[in-house]
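Enquirer: Next come a sequence and a model predicted from it.
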Amino acid sequence: MSTPASGCAPAGAAQPHQVRPAGRPDNAWVSQAIERIQADYQRSADTHLIALPLQPYTAAGIDLYFKDESTHPTGSLKHRLARSLFLYALCNGWVNEGTTVVEASSGSTAVSEAYFARLLGLPFVAVMPRSTSAEKVDLITFYGGRCHFVDHAAQVYDAARQVAAETAGHYMDQFTYAERATDWRGNNNIAQSMFAQMARERHPVPRWVVVGAGTGGTSATIGRYIRYQCHDTQLCVAEPEGSVFSAYHRSGDASLCAPGSRIEGIGRPRVEASFIRTLVDRMIDVPDGDAIAAMHALGRLLGRKLGPSTGTNFSAMLTLADEMRQRGELGAVLSLICDAGERYRHSYHDPAWVLRTFGQPTIQNPALADL
Ligand SMILES: Cc1ncc(COP(=O)(O)O)c(C=O)c1O
């Protein structure tokens, strides 16, 4: 095992919650809070599975699909996670009437948690890198949350712990708890929903599911569900430049560190406790230029703006689809639209910002050149 680089605290090193009284939270407020979240869920609709008929893949018997997680009330796949984390914390007795909820985030989870904090009338503080998109900051503020900025993604954990200590609040800690707060066996989780929506397709059981990893919670939920259902589906994580998960997947060394990703929402500088490497069949490294080109290409194909983690997914999907075509394999490849491009109007959708941040983009994935 290598030595952790300085400033790179191992994932899940400290207990994120304060010492609270043991036993059942004998509290009508907690019951009402759980009921309020369940009622909010009851009012919700499921997200669409969008088919992307793309020649020449369709002609070769390969179908591409995206589960559109941008249509949740808070605009990203993190709506599901935020609901699960609040329910988990409430049932554990970690959040109570008046508790300040604190979260370390690259922005999307914080937007969704701010929504649920407002639903319950709780103060909320988001601890995020200063580079987080202005649109996400505005949404957190809109839902009544406060933003606390740090200079680098690796500083969010300690800063969140400190803000929680100062406010006598609760550090939600998505990076530790995402994989266990979500019900992976079913309960209409993202995996169960997408497999059910495939039922009438020509390849109802997908060959591949492709996701990005921030906490690793989405990949853990889908990976476990695939095995639990004994599906013949493989799970691929699309990995942005600068993230540690690929190296960890190869080595199993949880003390590894990396510079950190420039694709907002996915890729981490340290190995997160919620990233379960044994559930991931394949990692595909996606260069930043390919992620941004794929974001635009898919946006043109679907007639709407998308976020950069969705572009990363799409580039990896095309790599897999090309490999399948070369081998003469038929089947479906599924992925996620994680969020919409409106959140990134002043960043990934601004050519001047892209040039300043990434330099002149180059495209390495040959499948993107054909689109
Ligand atoms: C936009 C976006 N896509 C994908 C992910 C990855 O999801 P997970 O945290 O479940 O690994 C995140 C995580 O924050 C995200 O914000």
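Expert: Noted; the coordinates are in hand. Numbering: from 1, shown residues only.
Enquirer: So which residues on the stretch 251-371 of the chain come close to the ligand?
Expert: Where proximity means CB under 6 Å from any ligand atom, the interface of the stretch 251-371 of the chain facing the ligand comprises 265-266, 307, 309, 338-339. C-beta coordinates here come from the backbone N, C-alpha and C atoms, glycine included.
Enquirer: again, only this time at 5 Å
Expert: 265-266, 309, 338-339 (CB under 5 Å from any ligand atom).
Enquirer: Among the residues you listed, which one lies nearest to S106?
Expert: G265 (5.3 Å; CB to CB).
Enquirer: Let me know whether that closest one touches R343 as I believe.
Expert: No: counting by CB atoms under 8 Å, G265 stays clear of R343, with 9.5 Å between them.
Enquirer: who touches both of these two?
Expert: Shared contacts of G265 and R343 (CB atoms under 8 Å, 6 or more residues apart in numbering): 107, 307.
Enquirer: and the residue nearest to R224 when sequence neighbours are not counted, how many neighbours?
Expert: Distances taken as CB to CB, 6 or more residues apart in numbering put W184 closest to R224, at 4.0 Å, once the chain neighbours are dropped. Using other CB atoms under 10 Å, the number of residues around W184 comes to 22.
Enquirer: repeat for Q32
Expert: For Q32, the number of neighbouring residues by other CB under 10 Å comes to 12.
Enquirer: in this structure, which spans are helices?
Expert: Using DSSP state H, the helices of the chain run over 28-42, 78-91, 108-120, 134-142, 156-166, 174-181, 190-197, 217-228, 245-251, 288-302, 308-327, 351-358, 366-369.
Enquirer: Tell me the pLDDT of the closest residue to V102 other than its chain neighbours.
Expert: Closest residue to V102 apart from its sequence neighbours, by CB to CB, 6+ apart: A164 at 4.3 Å. On the pLDDT scale, A164 is placed at 98.
Enquirer: Do I have it right that A164 meets T100?
Expert: Yes: between A164 and T100 there is a contact under CB under 8 Å: 7.4 Å.
Enquirer: out of the two, which sits in the more crowded spot?
Expert: A side-by-side neighbour count of A164 and T100, using other CB under 10 Å, places A164 first with 25 against 19.
Enquirer: how near is the more buried one to the ligand?
Expert: Going from A164 to the ligand by CB to the nearest ligand atom, to the nearest Å gives 19 Å.
Enquirer: Pull up the gap between that residue and C91, please.
Expert: 19 Å (CB to CB, to the nearest Å).
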